[in-house]
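> Build me a structure from this.
(2 chains)
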Amino acid sequence: GAVVSQHPSRVICKSGTSVKIECRSLDFQATTMFWYRQFPKQSLMLMATSNEGSKATYEQGVEKDKFLINHASLTLSTLTVTSAHPEDSSFYICSARSGLAAQETQYFGPGTRLLVL
Amino acid sequence: AQSVTQPDIHITVSEGASLELRCNYSYGATPYLFWYVQSPGQGLQLLLKYFSGDTLVQGIKGFEAEFKRSQSSFNLRKPSVHWSDAAEYFCAVGLRNNDMRFGAGTRLTVKP
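Model (predicted):
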């Protein structure tokens, strides 16, 4: 089946630094990638949707200058948390979809746990 | 308001017992419907999905779900739960504008 990887799986950083998280589709080309954020014991909240080669579409309330998303190729998307603060600590999950249609299955990565000290 | 509701935050069942996890949605048109499972600290794995056709959908790991339009529901069922089924279960709807919205999740505990 389709496999999506994320790197790193967990990261600890100091407040004020930037952190980059990679999301890769290993055995298929991902036309669309999604970034979600999950707080403890809560559901996934969509942060942004990105289509390869175009700018990401951010959900309301998500700061595009703080959460930089790049989808430069059909197999790689990156999320950079700029000037991270403790409130950015969370579990970040990406997903990838091979087509543009809403009924296409999203395949999820294993997630990245970010802790900002 | 548009929403996905999972009424049960936490369910405990005995191993071997049957399971039903509830999901209701509130959207204007019939959305695409999904059930995902998440083990602790892990990403999500797709159990099954419904787009159209037969309203009883079979998934992996012995799970099935039934779409009931009149009740705006898509409940997940399993006839006999195994200890390895303990996890967090999320119902999700895929909207025609390409978004996917998740319910709050139901945590399943399995008693030996």
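
> does the residue positioned nearest the centre of chain A count as helix, strand or coil?
Among the residues of chain A, A:Trp35 comes closest to the average C-alpha position under C-alpha atoms, centre = their mean, at 3.4 Å. The three-state assignment at A:Trp35 reads strand, by DSSP: H, G, I helix; E, B strand; the rest coil.

> Let me see the contact set for it.
With contacts taken as C-beta atoms under 8 Å, 6 or more residues apart in numbering or on different chains, A:Trp35 has the following neighbours: A:Cys23, A:Leu46, A:Met47, A:Ala48, A:Ser50, A:Phe67, A:Ile69, A:Ser77, A:Leu79, A:Tyr92, A:Ile93, A:Cys94. (C-beta placed from N, C-alpha, C; glycine too.)

> same deal with A:Phe39?
Contacts were defined as C-beta under 8 Å, 6+ apart; by that measure A:Phe39 touches A:Met45, A:Ser90, A:Phe91.

> any idea how far it lies from A:Val19?
Using C-beta to C-beta, to the nearest Å, we find A:Phe39 at a distance of 17 Å from A:Val19.

> Helices of chain B, residue ranges please.
Counting by DSSP state H, chain B has no helices at all.

> Show me where it dips below the pLDDT cut-off.
Screening chain B residue by residue with the criterion pLDDT under 70, one finds the ranges B:1, B:96-98.

> So which residue of it lies furthest out from the middle?
Taking C-alpha atoms, centre = their mean as the measure, the residue most remote from the mean C-alpha position of chain B is B:Pro112, 22.8 Å away.

> got a list of what the closest residue to that residue other than its chain neighbours touches?
Once its chain neighbours are removed from consideration, B:Pro112 has its nearest residue in B:Glu15; the separation is 5.8 Å (C-beta to C-beta, 6 or more residues apart in numbering or on different chains). B:Glu15 makes contacts with B:Val81, B:His82, B:Trp83, B:Val110, B:Lys111, B:Pro112, as judged by C-beta under 8 Å, 6+ apart.

> what ranges of chain A fall below the confidence cut-off?
Confidence mapping of chain A against pLDDT under 70 gives the ranges A:1, A:100-103.

> before we move on, the earlier item: now, the contacts of A:Trp35 that are in strands?
Secondary structure of the contacts of A:Trp35 is defined by DSSP state E; positions in strands are A:Cys23, A:Leu46, A:Met47, A:Ala48, A:Ser50, A:Phe67, A:Ile69, A:Ser77, A:Leu79, A:Tyr92, A:Ile93, A:Cys94.

> Can you report how many residues lie near the last one?
Around A:Cys94 there are 31 other residues, counting by other C-beta atoms under 10 Å in any protein chain shown.
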